[in-house]
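1. got a sequence here, can you build the structure:
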Amino acid sequence: MRIILLVTSFLFVVQAGCKNNVDTAAKFYVNYHLAAQKVIDSLKLNKNKLYVEVDKSDYTLYIKIGDTIVKSYPVVLGFNPVDDKMKEGDGCTPEGTFKVRAKYPHASWSKFIWFDYPNTDSYKKFEQRKKDGVIPKTAKIGGEVGIHGVPGEADEIIDQKQNWTLGCVSLKTADINEIYSLVKVGTKVVIRQ
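-> Numbers count the residues shown, from 1 in each chain. Coordinates of the predicted model:
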């Protein structure tokens, strides 16, 4: 993985060979103090290859182009932040590869980036769990999962790591507004444990 850090007029490239398990309180977010579009322009990256990656284990959303981390942001998740989504109402954020289905302003959370959960892979896992007796035969898969801001611009929810959603990924208001301007319908969203 290549991490790009822009500092004033100098460019620093750091090669990272493994996942960093630094204490959350000391977490460093890549280029968080810079506008993502400025980083993209400075590095002459192809914005059409941009995708979103969410790492549930370190509560971080990454904007990436290829192997380059353009910027990272703190996030919170569903009220059960550890497990993969199994069924409607379990409070889990789904894991897998998705695509942005739609994006629109939202009265409660500033912006909403809706991705295509459940997709074909989600249905396969869901049906297998029913077959294996992991979830009830009457369970529903759920839907309308996405990436959004916080209610009433309550950014402290993110700072305090309060997993409050029903399965969505939530960011600070300024962060969701920035990400909203970068993604388009069809943008890939990868969510991993």
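2. quick one: buried residues of stretch 160-170?
-> 163-170 (16 or more other Cβ atoms under 10 Å). To be clear about C-beta, it is placed using only N, CA and C from the backbone, and glycine gets the same treatment.
3. stretch 49-59 too?
-> Applying 16+ other Cβ under 10 Å to stretch 49-59 flags 50-56, 59 as buried.
4. try stretch 57-74
-> Neighbour-count burial for stretch 57-74, counted by 16+ other Cβ under 10 Å, picks out 59-65, 68-74.
5. now do the strands in this protein.
-> Taking DSSP state E as the criterion, the chain carries its strands at 2-7, 10-15, 50-55, 60-65, 68-74, 96-106, 110-115, 146-148, 169-170, 188-192.
6. okay if I get those as TSV plus distance to K38 and mean pLDDT?
-> Shown next, in TSV, are the strands of the chain (distance: least, Cβ to Cβ, whole Å; pLDDT from 0 to 100):
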stretch	distance to K38	mean pLDDT
strand 2-7	8	46
strand 10-15	12	33
strand 50-55	14	98
strand 60-65	12	98
strand 68-74	10	98
strand 96-106	21	97
strand 110-115	20	97
strand 146-148	21	98
strand 169-170	24	98
strand 188-192	22	98
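7. out of those, nearest to I176?
-> strand 110-115 (4.9 Å; Cβ to Cβ).
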